[in-house]
Each structure stands twice: as C-alpha cells, then as structure tokens.
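Visitor: Mind looking at a prediction? Sequence and model below.
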Amino acid sequence: MGTLAPNAVPLATVLADTVAAARAAGRADLVGRLAQVTERVRDPRHRIVVTGQLNQGKSRFVNALLGLDVCPVGDDTTTVLPLHLSYGEQQRAHLVLTAPGAEESRVEIPFDEIGTIDPRSPLAQGKQIVRIDAEVPNQLLADGIVLIDTPGVGGHGGTGTASILGMATAADAVLVLSDASTELTEPELTFVRQVRELCPAVAVLLTKTDLYPHWQQVFEANRGHLGTLDVAAIPVSALLRAHALRLQDAELGRESGFGVLFTFLRDRVVARDHAATRQAVSRELHSAAEHLALALGSELVALRDPALGSAAITELQTARTAAEELQRRTASWQQTLADGITDLVGDVDHDLRERLRGIARTGQEWIDDHDPGRHWGAIAEWLSDAVDTALGENLLLTHRRTELLAERIADHFAEVGAVELPEVGDDRAVTSTGSLADLEPDIGFTSKILVGMRGSYGGVLMVGLATTFAGLAMLNPISLGAGLIVGGKAYRDDKTARLARRRIEANAEVRRYLDDVAFQAAKDTKDRLHRIHRALRDHFAGVADRSLRSIDASLRAAQDAATMAATQRAERTAVLERQLHAVAELRRYADSMLVEPGDKPSGRHAAAGTVSG
C-alpha cells in the first residue's frame, strides 16, 4: 500500500487494497463487509422524502427544486403513487410491481405517461404498484440526491400516515410541506413529531408564500407550534424559484427561500452523512486491520524464532479455547433474539388492536349520539385520520422496541468490546387497506309525507267512526285532529326506527373497516418483524464469528510457519514484514479519518457543493 495519508491517497484505492488483502488472506467475511462500505462510498444516495397533506404543492415544489417539469401538477389530486427520482443519462421510467410470494419486478413505461398512472393501471398486469422509479439527467440528482414525491397524506384519495413513516425510517431527510394559507393543524403536528422520531433531519416547508401576504404571521405561528422539536422551519415559493431559474434572476432566487433550503440540505443531510460515512469506513478499516494483523503477526513470530513461535501457538490455542467458550456463552444472544422477537410480535399486535378498539369505542359513542347519515363524510374522514395515527404510533413502537432489543443483544458481547448496532429501519410501509361503504340513503320528502299519511289514516278512520254516533260526519275537526296526532306519532316512530337502523349499519361498517385494517396491518407488521429478525440475526452472527475465524487463521498460519523449510523463511519473512507495515499504515489511516478531513469527496460528498445554491 505504501505510506497512507487521508489527504494523499484516495479512499477508494485504500478500500480496494484492503479488500484485496482480505481476499488474499481467505477472509471472505471481511471482504463482504468491506464490499458493503465500498458500495456506500462508490454509489452513495441521499433519500429525501417530500410529503404533506393534500394540495400543499409537493409536486410543484419538486419540479422547482430540480428545475424540470417532471411531476404532474394540478388543482385536483395528481400524485397517487410514490415517485422516486434519481439520476440517469436518459429520461426513463419504470413501474415497480409486487405480488404475494414474489420478488419485485419492473415494467418500463413511457416517461411522459408518469402522470397518468394510477393503482388500477393495466400496465401493472394485475400486480400491486409499489412506486414509480424515474431517471432524469439533472445535476442535483447526479450528486447522489434521490427525491421521493409522495401522495398527499390523509383525506379522500390521500395515502396513509404509516406509508410515509415507513419511508422515513430509511430516509436521510423528510420535507413536510404545509401551505401558507393557515398554520399547522394538530394532525400535521402529530405527523411531524412521528417523522422526527424516525428520521434525523426534518424540515417543515411553508409553501405558496407568493399567494398569501400574511405568510410571515403563519410562519411565526408554525415556529411556535413546533416548539422544542428539532425541526427546521423554512418558507419557500416554488413559483418564484421557477421564475428565478427561467429569468436567471438571483434576487428572485433569494426571495424564493430555496437558498435556505439548500443550506439545510448541505449542513443537516450531506455533511452529517459525510461524517457518518467516514466513521463507518474508519471503523471497518480499523477492524479489518486488526483481524489481518493477528494472522500476519503470529506467522511472523513463528518464522523469526521457532521457540517463540511454539509459545505463540500455545497462546493461540489457549485463546481459541477461550474464544470458543466466549462464543458458547454469547450464543445466548440467539435465545435473547428469539424471545425478544416473540415478545415484540405479541406486544405490537396487542398495541395495534388496543388502539383500534379505542377508535371503535369512540366512533360508536359518537354514532350513538348523532345521526350518522348526516355526518357520514365527517365520520369517514375522522376514522381515516385516527387509523393513520394509530398505525403510525404502532410503527414507532416497533422501531423503539427493536432498537432496545438490539441493545440487549449487544450486551451479550460486552467481553469482546463495544459492538456496532445494526440499522433496524425498514422502509416497507404498513398499509391501511379498505374503505367505508356509503350508508343506505334516508327516504325522501315524498316518502316522509306518505309515512305520515299512512299513520294518520288509522287515526282519522277510528275517531271518525266513533264520532258518527254523535251525529258528526266521518271527516270532522275531531277526526282530523286525531289523524294529525296519530300521523305525527307514526312519522316520529318511523324516523326513530330509521335512525336506529342507520346507527346499527354505521357501527357495523366501522367495525368491518377496522377489522380489514387490523387484518392487513397484522400481516405487514409480522413481515416487517421477520425482516428485522433476519437482519439482527445475520449481524450478530457475523460479530460472533469474526473473532473465532481470526484466531483460527492465526493458529494455522503459525503452525504452517513452524514447519516451513529454512530456505523459504527469509523470503516469507520479508513478505510478512511488508504486509504488516501496510496493515499498520492502514490502521493509522483509519484512525486519522476521524480527526482529519478526507479526500475530496465524490458522489454523495460532492453533493455539498451542488446543493449550496
């Protein structure tokens, strides 16, 4: 490798040399981990999710951010599927499809038809459309940015909160848009709080500032609502940004607010991820150097002094026995994992059912006190928002409990030092399937008159016959009054019966809807926990295996060196000394990455220069 210095040697070269050394040493486990971190450096991505309630200007904002007309824009709901925008030399678009028991598949579609695709598109071939992937030749995207334009949250035709929260777990930043017509509502604030728990960088963008002269008062009110939440608040105008790009007007560009947004992306997203990448690379390089040095050093000691080599072999055998014993003791982590996942599945399922039961009770109480036929639209909207909030809170519980489980498992490895915790995020969304059917409509005005007339007929006939004995006509004031009284009572009784039937029907419809939600959410949650289970198992199994493999490799190398012919010792010693020197330089390089600026960044790191303006 030569002498390594972070400012002199490209990081990609150091990683390639380290991978080659690990492969030459037969350490496929190290090669795999180094390959992952190499891919992170070579092809980094910043996933930025753009979300918000319906008609907040998300698609127009994305177009202004890129300076391209990619996302469909309109007064009605235009974004019905998540749209992932990444860099490509040519404009291309694909539908990403899924089906039960099958891997995701992709179907290419004409780029200009992105805005016409909906979940029932025949291009889906009967499968479920997960998202649309589009590639665009754009400088911002070329620097590693991936923009995700999402359907509006809540409301008729909107997507569920849990779907966005699922994306937030794997996002580098989430931009929550709210227009300047009014300040943040309680549902929006709840949504922002949930997103902040899952994503380290969140900003609330006040959009359409060009349309509302009072936007500054709304902006200050929003800042007050956000309070102590670590969330940035930025006013922007997509329209001014578009005019600024078209006219090349720097003053309009400043007024649009996008400069502040780019600063946020540079400081809170790019710089943070740059530091995280450096730490990850440093950690993996240092670990690889330690594992490689163990085998090389043991072999070199055995070559230089056979007597010391014999002692080293004895020490290694003792260390191997200790490592095996440690591995047996730490094997209890598997039981902790299995028990933890079992408990987590039960607790998450119970939490979701309890939340849905609370929604059902609240809905039933409200329906029993009101006429659901007159307020069915409001009930449907409230129920959708309540279910979205419940699914979101349940997802947050899953995330928190999974992190605690990972920490408990890591405690089993305390004897081998600090263990890196795995990423426990999962970007698969929990979906709230199902919808409320319409209630049977109430009878019309004519039918109500007929109900009253049918009831009054009996009253008129009964009293009229009785009054004929007094010499009065069948139709007289007394019989007509009795008809009105009986007819009114018949109408009221029928109205009460119809209201009772509507309430029964409404309660049954709410229960059916919640049952559908619980059924689908339970399946999504179990699938999510199974994926998390596999991720935790694979991560900690690798931690448990690497130390033992290093000792085994060192023991074999020392034993081979002890039996090596004298004519080969000098040549092999020189090779090992060079390799150990390179490994020592690698360790120093890894340590210096944490305190010194690295190479000129490429890919993700270079994005800092682009997003600054």
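Guide: Perfect, I can see it now.
Visitor: which SS class is H84?
Guide: Assigned by DSSP: H, G, I helix; E, B strand; the rest coil, the conformation of H84 is strand.
Visitor: and it, bridged to which residues?
Guide: D133, I148 (DSSP bridges).
Visitor: show me where pLDDT drops low in the stretch 151-300 of the chain?
Guide: Judged by pLDDT under 70, the stretch 151-300 of the chain has its weakly predicted residues at 154-160, 294-300.
Visitor: I misspoke; the intended subject was the stretch 351-500 of the chain.
Guide: In the stretch 351-500 of the chain, residues with pLDDT under 70: 414-476, 478-494.
Visitor: try it again with 50
Guide: The stretch 351-500 of the chain contains residues with pLDDT under 50 at 418, 429-430, 432.
Visitor: which stretches of this structure form strands?
Guide: With strands called from DSSP state E, the chain shows them at 46-52, 83-87, 92-98, 105-109, 128-136, 145-149, 173-179, 202-207, 232-235.
Visitor: Show me what counts as buried in stretch 26-35.
Guide: Buried residues in stretch 26-35, counted by 16 or more other Cβ atoms under 10 Å: 27, 30-31, 33-34. Bear in mind the C-beta positions are built from the backbone N, C-alpha and C, glycine included.
Visitor: what's the answer for stretch 261-278, then?
Guide: 261-262, 264-266, 268-270, 273-274, 277-278.
Visitor: And stretch 18-34, end to end?
Guide: This stretch, stretch 18-34, spans 8 Å end to end (Cα to Cα, to the nearest Å).
Visitor: how far away is the closest residue to I109 other than its chain neighbours from P122?
Guide: The shortest distance from I109 to any non-neighbouring residue, by Cβ to Cβ, 6 or more residues apart in numbering, is to A93 (5.2 Å). Distance, A93 to P122, by Cβ to Cβ, to the nearest Å: 16 Å.
Visitor: Likewise for D591?
Guide: From D591 to P122 the distance is 58 Å (Cβ to Cβ).
Visitor: which one of the two has more residues nearby?
Guide: More neighbours surround D591 than the other of D591 and P122, with 15 against 6 (other Cβ atoms under 10 Å).
Visitor: Verify the contact between that one and L285 for me.
Guide: No. Contact between D591 and L285 fails when scored by Cβ atoms under 8 Å: they sit 9.1 Å apart.
Visitor: if we can go back for a sec, could you provide the strands of the chain in a markdown table, with additional columns for distance to I164 and mean neighbour count?
Guide: Shown next, in a markdown table, are the strands of the chain (distance: least, Cβ to Cβ, whole Å; neighbours: other Cβ atoms under 10 Å):
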| stretch | distance to I164 | mean neighbour count |
| --- | --- | --- |
| strand 46-52 | 5 | 24 |
| strand 83-87 | 14 | 22 |
| strand 92-98 | 17 | 18 |
| strand 105-109 | 23 | 14 |
| strand 128-136 | 13 | 19 |
| strand 145-149 | 10 | 23 |
| strand 173-179 | 8 | 25 |
| strand 202-207 | 12 | 25 |
| strand 232-235 | 18 | 20 |
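Visitor: picking up where we left off before, nearest to A378 among the buried residues of stretch 261-278?
Guide: Closest to A378 out of the buried residues of stretch 261-278 is L261 (35.8 Å), distances taken as Cβ to Cβ.
Visitor: List the residues that contact the closest one.
Guide: Contact analysis of L261 by Cβ atoms under 8 Å, 6 or more residues apart in numbering lists 65, 203, 205, 234, 236.
Visitor: Show me which pair in the buried residues of stretch 261-278 is furthest apart.
Guide: L261 and R278 (24.8 Å).
Visitor: What distance do you get for the closest residue to P187 other than its chain neighbours to T190?
Guide: Leaving aside its chain neighbours, P187 sits nearest to D385 (5.8 Å; criterion: Cβ to Cβ, 6+ apart). To T190, D385 is 9 Å away according to Cβ to Cβ.
Visitor: Among the two, which residue is more densely surrounded?
Guide: More crowded of D385 and T190, by other Cβ under 10 Å: D385, with 20 against 17.
Visitor: Do I have it right that that one meets T185?
Guide: No. Here D385 does not reach T185: they are 10.3 Å apart, not a contact under Cβ under 8 Å.
Visitor: Would you check that my belief about N222 contacting P235 is correct?
Guide: No. N222 lies out of contact with P235 (Cβ under 8 Å); the separation is 9.2 Å.
Visitor: Can you list the low-confidence ranges for the stretch 501-613 of the chain?
Guide: 565, 596-613.
Visitor: For the residue nearest to V153 when sequence neighbours are not counted, grab the count of nearby residues.
Guide: Leaving aside its chain neighbours, V153 sits nearest to Q53 (5.2 Å; criterion: Cβ to Cβ, 6+ apart). Residue neighbour count, defined by other Cβ under 10 Å, stands at 19 for Q53.
Visitor: Point out where the stretch 1-150 of the chain drops to low pLDDT.
Guide: 1-3, 5-7.
Visitor: can you give me the helices in it?
Guide: Here the stretch 1-150 of the chain has its helices, by DSSP state H, counting those that start in this stretch, at 11-24, 28-42, 58-66, 139-142.
Visitor: if you compare these, which one is most tucked away?
Guide: helix 58-66 (a mean of 24; mean count of other Cβ atoms under 10 Å).
Visitor: what packs against it?
Guide: In terms of contacts (3 or more Cβ pairs under 8 Å, 6 or more residues apart in numbering; DSSP states H and E), helix 58-66 is packed against strand 46-52, helix 139-142, strand 145-149, strand 173-179, helix 238-247, helix 258-264.
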